[in-house]
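J.: This is the structure alone, sequence omitted:
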């Protein structure tokens, strides 16, 4: 009988480029539940996969509650229709938020362009006035 591959908190920290403190934070929130040997945490492939999913969710801008919900579905029947529909709903909402942010950013950049032109024009006019004196 072969033993399952295990990982330390430092192994996962290095692999995913995050701090051990971040991993412990996800544990505190109930997103990871490694086995323990005394004070040492022992992570298995399932924990490693979950950490990867947590970090993917964070990159997508999902809340910890949304990640927790999605991980709960991941632990159940994989690729079930309800799970996939819920995930699509979460992704659609995230897309809507990001699209709105993009529109907001474009509007702010437009205002910045206008103000920069106005300031440049004022400075150009001031230079002409200074040259006339």
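T.: Nice, thanks for sending it over. These numbers come from a predicted model, not from an experiment.
J.: CA only for contacts and neighbour counts going forward, please
T.: Fine.
J.: for the protein, longest strand please?
T.: strand 40-44 (DSSP state E).
J.: Each with direction, which strands does that strand pair with?
T.: Strand pairing for strand 40-44, using DSSP bridges, gives strand 6-7 (antiparallel), strand 35-37 (antiparallel).
J.: pLDDT weak spots in this structure?
T.: For the chain, applying pLDDT under 70 flags the ranges 1-2, 75-79, 128-133.
J.: Save the strands paired with strand 40-44 as TSV, and put in distance to residue 59 too.
T.: Shown next, in TSV, are those (distance: least, Cα to Cα, whole Å):
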stretch	distance to residue 59
strand 6-7	23
strand 35-37	27
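J.: okay, those, which one's buried deepest?
T.: strand 6-7 (a mean of 16; mean count of other Cα atoms under 10 Å).
J.: And the contacts of that one?
T.: With contact meaning Cα atoms under 8 Å, 6 or more residues apart in numbering, strand 6-7 is reached by 42-45.
J.: Of those residues - the most surrounded one?
T.: residue 43 (21 neighbours; other Cα atoms under 10 Å).
J.: where's it relative to residue 8, distance?
T.: 6 Å (Cα to Cα, to the nearest Å).
J.: For residue 105, which of the strands paired with strand 40-44 is the nearest?
T.: Evaluated with Cα to Cα, the strands paired with strand 40-44 place strand 6-7 nearest to residue 105, the distance being 41.7 Å.
J.: How far off centre is the closest one?
T.: 24 Å (Cα atoms, centre = their mean, to the nearest Å).
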